[in-house]
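Asks: A predicted structure for the sequence below; I have some questions about it.
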Amino acid sequence: MTRPALFALAMALAAPAIAQTQTQPPPTAQPDGAGLEVTVSDENDWQDLGVAITVFATDQDVPTQTNAGSTAALGRSVSQVIAADLRNNGLFKPSGPDGLPQPSYPQINTPDFPVWSARSAEMLVQGYVRAGEDGQLTVGCYLYDVALKQQLAKAGWVVPPSDWRRAAHKCADMVYSRLSGESPFFDSRIAYIAETGPKNRRMKRLAIMDSDGANHRYLTSGQATALTPRYSPDYKSILYLSYLNGNPRIYVYDLATDTQRLITQSSNPTFAPRWSPDGKWILYSMAVAGNTDIYRVPVAGGASQKLTDGPGIDVGGSYSPDGSRIVFESDRSGSQQIYVMNADGSNQRRISFFGGRAATPEWSPRGDQIAFTHIVGNLRVAVVNPDGGGLRYLTDSWQDEAPTWAPNGRIIQFFRTEKNTGKASLWQVDLTGRNERRLPTPVDASDPAWGPIRP
Amino acid sequence: MPSYRKSATTALLLAGCIALSACATKAPKQLPPDPGASTTTTDTGAVSGPVPGSQADFVAFTQGQDTIYFDTDRYNIDSVDAAALQTQAQWLQRYPTKRATLEGHADERGTRDYNLALGERRANSAKNYLVSVGIDPSRLSTVSYGKERPVALGSDEASWAKNRRAVTVTLD
């Protein structure tokens, strides 16, 4: 199996070669205009903001080693990826790059503001693509406030040809962060389970893709059923469950070598794997004589430690962002409910007291919310505060389950199962519950796991 | 006629009596017998029957009682389940070198991880009962498939009831 290497992204503030002497507004002179007060929780604001995204210019149209073509073609592709990021996530309604004037290379630093004012654009995204002698690409990204005629942000990245889409995602992240005040999330990847075949004989394969569905790749053949993947925080490996050799066990899949190993030597079934935020611990559930409890084991090796102990099913688990606490699921009260404990298993207490069954809790990377599956007849994705208050539903369908957070804690992905056919698909929704959309996958899909911002 | 036929019939009668008192609450007990079970009622002699001691023989012997069913989120063995497991135990005692795997399943209306744990519970309930009536635990293994392998494909109460199950599969 061939695989792309994990290139480290060389980040640099790449000032354009031209117009170096032009005086820029000092970074502290950021305007407080109304157009900047954009949050994903207010639909009206983002709908009204006119963001124009132009074709990225190039100083010299030369061939590249990318699948997008020459630097000029690549410039168009980069801006298309940026526009799709911002548009598909319902965060903004950008225009372009098609149908907009195409800035020349010298204009990247000196936008023709009257042109954009006349087109009612409030924000302008421009940039450039340059090919280096070594085949590396430099992508520059600029955000301007048209009314104020000011540059709001700029950044540049030097990337190998295979990573050109990362530069586009980085630019989209810069624009999104600057306009919304939120942390970035586009430059991230998703692990999930690709599904094919009839309902009683589903083939389930481990698969990975970029946050926008690009660079899709299957990691397992489907001979053994694969379930519930989780990307490691450093993106070097994936925890998942496989029925390899007939029994469900958790494996660590190494992405650099395409090899895998069991996380414990126990012959008991292990499932529901999770990483600690620092990547040093693996949380897992293990059934012994039919009773399931939660354990943790150091990634570096060593003995497992049992965190829960009781006759009920204790399963799953998700660390708080600081790693000090774990939210998990238990039916010790008679039905699935959500509990919180310290990372060493102490101080276990129930937080869900709103009726129904509560399952698959996932702590937001921001720490302020816990997403989970609420089961009252139908399965729905909902969020609560870490103290169990403030229940809010984000979806309302026949069966939505297994929420996973965007790196910035503002968007949730989950999977939706169709009644009768059992066909599953990946969806995402923002915290308002209004911007819901299906993610494109080559075949049916379940068990999404959104990784952090790429290192 | 092999002597086990007689004991099988006795067990079935016993199971039927118990089932009558419980069938009002558990729909799967009213399921028609497994189509494969019809081979035991034919009178064509040993030539057309399954090889004694084989998984096919076990299926024929248990006549649908190779599977026990559970209520939502439950894993207790009720009287109907006990009768089925006793029938299974009879066969396992007849072939003491045979091993079996108990497969635990859940319906689709639950979350994946919990259903894996629930399937483990159900498989172990069945295993523990077989051990309690004298089957050596070293002959029995368990595996949970959670909600991954439904036998009834609809999204309705009747289908879910058929999928909340533990199936005993002997190893040929």
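Replies: Perfect, thanks for sending it.
Asks: and the closest residue to B:Asp57 other than its chain neighbours, what does it touch?
Replies: Using C-beta to C-beta, 6 or more residues apart in numbering or on different chains and skipping the chain neighbours, the partner closest in space to B:Asp57 is B:Pro50 (4.2 Å). Where C-beta positions appear, they are placed from N, C-alpha and C, glycine not excepted. By C-beta atoms under 8 Å, 6 or more residues apart in numbering or on different chains, the residues touching B:Pro50 are B:Thr39, B:Ala56, B:Asp57, B:Val59, B:Ala60.
Asks: Lowest-confidence member of these, which is it?
Replies: Lowest pLDDT within these is found at B:Thr39 (44).
Asks: Make a ChimeraX selection of the buried ones in the contacts of B:Pro50.
Replies: Typed into ChimeraX, the next command selects the buried ones out of the contacts of B:Pro50 (criterion: 16 or more other C-beta atoms under 10 Å in any protein chain shown):
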select /B:39,56,57,59,60
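Asks: Where does the residue nearest to B:Asp57 fall, secondary structure wise?
Replies: Using DSSP states H and E, B:Pro50 maps to neither a helix nor a strand.
Asks: ok, it to chain A distance?
Replies: 24 Å (C-beta to the nearest C-beta, to the nearest Å).
Asks: Could you find the closest non-adjacent residue to A:Gly356?
Replies: A:Val376 (3.7 Å).
Asks: ugh, wrong one, I meant A:Ser267
Replies: A:Asn247 (7.8 Å).
Asks: check contacts around the one you found.
Replies: Contacts of A:Asn247 (C-beta under 8 Å, 6+ apart): A:Ser267, A:Pro269, B:Val143.
Asks: which among the residues you listed gets closest to A:Gln60?
Replies: A:Pro269 (59.2 Å; C-beta to C-beta).
Asks: list the contacts for A:Asn268?
Replies: So A:Asn268 contacts A:Met286, A:Ala287, A:Val288 (C-beta under 8 Å, 6+ apart).
Asks: Now it: which helix or strand?
Replies: Using DSSP H and E, A:Asn268 falls outside every helix and strand.
Asks: Relative to A:Asn291, how far out is it?
Replies: For A:Asn268, the distance to A:Asn291 equals 10 Å [C-beta to C-beta, to the nearest Å].
Asks: before we move on, back to that, these two touch, right, the residue nearest to A:Gly356 and A:Ala359?
Replies: No: at 11.5 Å, A:Val376 does not count as touching A:Ala359 under the criterion of C-beta atoms under 8 Å.
Asks: So those two - more neighbours on which side?
Replies: A:Ala359 (27 against 11; other C-beta atoms under 10 Å in any protein chain shown).
Asks: Quick check: pLDDT value at that one.
Replies: So, for A:Ala359, pLDDT stands at 98.
Asks: Assign a three-state SS to it, would you?
Replies: strand (DSSP: H, G, I helix; E, B strand; the rest coil).
Asks: Just the ones of the contacts of B:Pro50 in helices?
Replies: Secondary structure from DSSP state H places B:Ala56, B:Asp57, B:Val59, B:Ala60 of the contacts of B:Pro50 in helices.
Asks: List the buried residues of stretch A:256-269.
Replies: A:Gln260, A:Ile263, A:Thr264, A:Pro269.
Asks: whoops, stretch B:152-159 was the one
Replies: Result for stretch B:152-159 [16+ other C-beta under 10 Å]: buried residues B:Ala152, B:Gly154, B:Ser155, B:Ser159.
Asks: Over to stretch A:327-338?
Replies: Quick answer for stretch A:327-338 (16+ other C-beta under 10 Å): A:Val327, A:Phe328, A:Glu329, A:Ser330, A:Asp331, A:Arg332, A:Ser335, A:Gln336, A:Gln337, A:Ile338.
Asks: go on, stretch A:53-61?
Replies: In stretch A:53-61, counting by 16+ other C-beta under 10 Å, buried: A:Ile53, A:Thr54, A:Val55, A:Phe56, A:Ala57, A:Thr58, A:Asp59, A:Asp61.
Asks: Contacts only, for the fifth one.
Replies: Put plainly, it is A:Ala57. Counting by C-beta under 8 Å, 6+ apart, A:Ala57 has contacts A:Gly75, A:Gln102, A:Pro103, A:Ser104, A:Tyr105, A:Gln107, A:Ile108, A:Gln126, A:Gly127, A:Tyr128, A:Val129.
Asks: buried subset of the residues you listed?
Replies: A:Gly75, A:Pro103, A:Tyr105, A:Gln107, A:Ile108, A:Gln126, A:Gly127, A:Tyr128, A:Val129.
Asks: so which of the residues you listed comes closest to A:Ser320?
Replies: When these are compared against A:Ser320 (criterion: C-beta to C-beta), the nearest one is A:Gly127, at 37.5 Å.
Asks: and the closest one, bridged to which residues?
Replies: With DSSP bridges as the criterion, A:Gly127 is bridged to A:Cys141.
Asks: Next one: it, what pLDDT does it get?
Replies: 97.
Asks: low pLDDT regions in chain B?
Replies: Applying pLDDT under 70 to chain B flags the ranges B:1-47.
Asks: residues from it in reach of chain A?
Replies: When proximity is defined by C-beta under 8 Å from any C-beta of the partner chain, chain B lies next to chain A at B:73, B:75, B:108-114, B:116-118, B:120-121, B:123-125, B:127-128, B:142-144, B:148-151, B:153-155.
Asks: If we use 7 Å, what do you get?
Replies: Applying C-beta under 7 Å from any C-beta of the partner chain, one finds that chain B approaches chain A through B:73, B:108, B:111-114, B:116-118, B:120-121, B:124-125, B:143-144, B:148-151, B:153-155.
Asks: Tell me which residue in chain B sits closest to chain A.
Replies: B:Asn124 (2.8 Å; C-beta to the nearest C-beta).
Asks: how near is that residue to B:Gly104?
Replies: From B:Asn124 to B:Gly104 the distance is 7 Å (C-beta to C-beta).
Asks: Pull up the overlap in contacts between these two.
Replies: B:Thr142 (C-beta atoms under 7 Å, 6 or more residues apart in numbering or on different chains).
Asks: neighbour count winner among these two?
Replies: B:Gly104 (30 against 23).
Asks: tell me which residues form a beta bridge with the more buried one?
Replies: Beta-bridge partners, per DSSP bridges, of B:Gly104: B:Ser144, B:Ala166.
Asks: residue in the stretch 151-300 of chain A nearest to chain B?
Replies: Closest point on the stretch 151-300 of chain A to chain B, by C-beta to the nearest C-beta, is A:Gly290, at 2.8 Å.
Asks: show me what contacts that residue?
Replies: With C-beta under 7 Å, 6+ apart, A:Gly290 has these contacts: B:Glu120, B:Arg121, B:Asn124, B:Ser125.
Asks: which one is it nearest to, not counting chain neighbours?
Replies: Closest to A:Gly290 by C-beta to C-beta, 6+ apart is B:Asn124, at 2.8 Å.
Asks: Can you give me the buried ones in the strand or helix carrying that neighbour?
Replies: Per DSSP H and E, B:Asn124 falls inside helix B:112-132. Using 16+ other C-beta under 10 Å as the test for burial, helix B:112-132 gives B:112-131.
Asks: Out of the contacts of A:Ala57, the closest to chain B would be?
Replies: A:Gly127 (42.3 Å).
Asks: Who are the contact partners of that closest one?
Replies: Applying C-beta under 7 Å, 6+ apart, the residues near A:Gly127 are A:Phe56, A:Val78, A:Ile108, A:Val139, A:Gly140, A:Cys141, A:Tyr142, A:Cys171.
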